[in-house]
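# I'd like to go over a predicted model; first the sequence, then the structure.
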Amino acid sequence: MKSIVYGILDARQAANEALPPGLNQAPLMAVKHGHLAAAISPVAEELASSAGIEQALEYARVVEQLHRRLAVLPMRYGCFVHHPEQVVEFLHRYERPFSDALAQVEGCDEMGLRILFQESDVAEPPAQTGAPTEADAQTRGRAYLDNRRRFYAQQTRVDRAARRVAERAQAAFSGLFVRCTWDHAARPDGQLLSMAFLVERPKLAEFRRAFLRFQKDCPGNVMCSGPWPPYGFVADLAKPAVAALAELEHLQEKG
């Protein structure tokens with residue numbers, strides 16, 4: 001039987017809190033190493049290999065319950081281990097960055113902004129022209145290079161536009177967040193800017209009021225969501241951690 005990992009906790013806080021049940025009401029355990037702990041619960045093999053939307057939503061609800069009770073670095077759904085000893089090794093390997101990250105997110109929630117804005121110079125990939133013939137290879141080759149040059153110039157303009165919108169949003173919430181991350185992606189109806197703000201809980205009400213003001217002056221359609229566990233601020237730590245777990249799992253299966 002495998003266990004699923006929900007997040008990294010402060011072991012001292014976990015010792016003083018009643019932890020919620022895990023997936024399918026399985027008992028949730030805090031596996032400890034030093035001042036860190038990982039929240040895990042057992043899951044049947046067939047459940048681990050057949051993830052569905054309902055299971056992922058239930059997983060998110062468990063993480064939210066943990067987040068309401070203590071500081072947590074949430075994992076994305078899909079972190080499985082075969083033995084608790086793997087978790088101890090995992091905590092030992094990432095002890096310092098996890099301890100530092102926990103200190104930063106303690107007492108904070110994540111608030112999200114999604115801004116859909118238009119950019120008249122949104123890049124479109126150039127049409128495939130195929131290999132030039134022998135007769136017009138030189139002309140077609142020059143045209144292809146010109147298209148690529150225009151494509152990357154447009155991409156640069158889109159990136160700059162997204163940065164300007166992000167900076168405008170950050171200015172609107174100045175003094176109300178600890179950290180901010182953002183990214184953007186092209187959609188058929190415009191550019192979607194996704195931002196995550198790490199907000200101290202006493203400032204959540206003011207953050208929402210600032211959003212109402214920003215909404216009136218926003219260059220596009222904007223939506224605010226949250227509060228959430230701080231998923232958007234542990235990616236740099238979670239990615240290598242998930243990779244380490246996958247590696248351990250893979251090695252065990254090979255053995």
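Perfect, I can see it now.

# All the helices of the protein, residue numbers only.
11-15, 45-48, 53-69, 84-93, 95-105, 137-172, 204-217, 235-254 (DSSP state H).

# can you redo those helices as JSON lines with distance to Leu198?
Heads up, the C-betas are built off the backbone N, CA and C, glycines and all. Compiled in JSON lines, those are given as follows (distance: least, C-beta to C-beta, whole Å):
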{"stretch": "helix 11-15", "distance to Leu198": "19"}
{"stretch": "helix 45-48", "distance to Leu198": "31"}
{"stretch": "helix 53-69", "distance to Leu198": "13"}
{"stretch": "helix 84-93", "distance to Leu198": "23"}
{"stretch": "helix 95-105", "distance to Leu198": "7"}
{"stretch": "helix 137-172", "distance to Leu198": "12"}
{"stretch": "helix 204-217", "distance to Leu198": "11"}
{"stretch": "helix 235-254", "distance to Leu198": "13"}
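
# among those helices, which is nearest His33?
Of all these, helix 84-93 sits nearest to His33, with 3.8 Å by C-beta to C-beta.

# what about the stretch 1-150 of the chain, any weak spots by pLDDT?
Along the stretch 1-150 of the chain, segments meeting pLDDT under 70 span 48-51, 119-137.

# still on that earlier bit, may I see the helices of the chain organised as a markdown table, with mean neighbour count and distance to His33 added?
What follows is those, written out as a markdown table (neighbours: other C-beta atoms under 10 Å; distance: least, C-beta to C-beta, whole Å):
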| stretch | mean neighbour count | distance to His33 |
| --- | --- | --- |
| helix 11-15 | 16 | 8 |
| helix 45-48 | 13 | 23 |
| helix 53-69 | 16 | 18 |
| helix 84-93 | 18 | 4 |
| helix 95-105 | 16 | 7 |
| helix 137-172 | 14 | 36 |
| helix 204-217 | 14 | 32 |
| helix 235-254 | 14 | 13 |
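
# Between those helices, which one is closest to Pro227.
Of all the helices of the chain, helix 204-217 comes closest under C-beta to C-beta, at 6.3 Å.

# average pLDDT for that closest one?
Averaged across helix 204-217, pLDDT comes to 94.

# Nearest approach to Pro27 belongs to which of the helices of the chain?
helix 53-69 (11.9 Å).

# Can you check which of the helices of the chain gets nearest to Ala38?
helix 84-93 (4.7 Å).

# just checking, what packs against the closest one?
Packing partners of helix 84-93 (3 or more C-beta pairs under 8 Å, 6 or more residues apart in numbering; DSSP states H and E): strand 2-10, strand 29-33, strand 36-43, helix 235-254.

# let's go with 7 Å and repeat that
strand 29-33, strand 36-43, helix 235-254 (3 or more C-beta pairs under 7 Å, 6 or more residues apart in numbering; DSSP states H and E).

# that older thread, among the helices of the chain, which is nearest Val178?
Nearest of the helices of the chain (C-beta to C-beta): helix 95-105, 7.1 Å.

# which residues are contacting the closest one?
Where contact means C-beta atoms under 7 Å, 6 or more residues apart in numbering, the residues beyond helix 95-105 that reach it are 8, 10, 33-36, 71, 73, 198, 230, 233-234, 237.

# Weed out the non-buried ones from those residues.
Among those, those buried by neighbour count (16 or more other C-beta atoms under 10 Å) are 8, 10, 33, 36, 71, 73, 198, 230, 233-234, 237.

# any idea how far Val87 lies from Ile53?
26 Å (C-beta to C-beta, to the nearest Å).

# Kindly apply the preceding question to Thr181 instead.
In terms of C-beta to C-beta, Thr181 sits 26 Å off from Ile53.

# Let's have the buried ones among the contacts of helix 95-105 in a markdown table, adding distance to Pro21.
Formatted as a markdown table, these follow (distance: C-beta to C-beta, whole Å):
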| residue | distance to Pro21 |
| --- | --- |
| Ile8 | 19 |
| Asp10 | 20 |
| His33 | 23 |
| Leu36 | 22 |
| Ala71 | 20 |
| Leu73 | 20 |
| Leu198 | 28 |
| Pro230 | 22 |
| Phe233 | 26 |
| Val234 | 23 |
| Leu237 | 26 |
